[in-house]
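Chemist: Structure of the sequence below:
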Amino acid sequence: MIPNCVTYDPTYGYEIAVIVRDGLRRMYEENENVFYYLTLMNENYQHPAMPDTKDISDQIIKGIYQLEQVPAKAKKAVANVQLMGSGTILQKVRQAAQILGNDFNISSDVYSVTSFNELAREGQDVTRWNMLHPESKQKTPYIGSVITKEGGPAYCRNGLH
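Modeler: Numbering: from 1, shown residues only. Got it, this is the predicted structure:
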């Protein structure tokens, strides 16, 4: 709602570090007229190390990244689902992925959504660009390249709504 407010709902310490570093870069080095709003919780849970994934920092700033793949208990899963969560609720999403894999033979791709708002903004920008450039090659929003039909059904659970 406020155009220069950049909001995030991180789950882990490394996400916070990446977001704060980006905020300092944009506000201090580039002198952008933005401010950051981070939702932080004081839940007591294990914070893993930052995944060793190419461009993980960029993905965190864009708003979503794949945290883990949880295999089904059997060698061949009956299905795969894409599960998303943010903040402390992500712990429950990870537990749900384990239950699906162990009890229902369903594999899961688990995504940490660091900013639903940044994903929505970028999606709106891409939609606007596509509408203003109908004869150009159409762009795909970042979320559309992360969450795909081929990955299976997607379920999102966050603690914001």
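Chemist: Pro51 reaches Gln69, doesn't it?
Modeler: No - checked against Cβ atoms under 8 Å, the pair Pro51 and Gln69 is beyond contact range at 11.1 Å. The way it works is simple: take the backbone N, C-alpha and C, and place the C-beta from them, glycine included.
Chemist: In terms of packing, which of these two has more residues around it?
Modeler: Pro51 (16 against 12; other Cβ atoms under 10 Å).
Chemist: Grab the longest helix from this protein for me.
Modeler: For the chain, the helix with the greatest residue count under DSSP state H is helix 116-132.
Chemist: in it, what's buried?
Modeler: Buried residues in helix 116-132, counted by 16 or more other Cβ atoms under 10 Å: 116-119, 121-123, 126.
Chemist: how distant is it from the center of its chain?
Modeler: Chain-centre distance of helix 116-132: 16 Å, with Cα atoms, centre = their mean, to the nearest Å.
Chemist: what's the residue nearest to the spatial centre of the chain sitting at in phi/psi?
Modeler: Closest residue to the average C-alpha location of the chain: Ile64 at 2.0 Å, with Cα atoms, centre = their mean. Main-chain dihedrals, Ile64, degrees, to the nearest 10: phi -160, psi 140.
Chemist: Parallel or antiparallel, which strands does the worst-scoring helix or strand of the chain on mean pLDDT pair with?
Modeler: Here the helix or strand of the chain ranked lowest by mean pLDDT, DSSP states H and E is strand 154-157, holding a mean of 71. Sheet partners assigned to strand 154-157 using DSSP bridges are listed as strand 79-85 (parallel).
Chemist: how about the very next helix or strand once past the partner strand: buried residues?
Modeler: On the C-terminal side of strand 79-85, the nearest following helix or strand under DSSP states H and E is helix 90-103. Buried residues in helix 90-103, defined by neighbour count with 16+ other Cβ under 10 Å: 90, 93-94, 96-97, 100-101.
Chemist: Lovely, talk soon.
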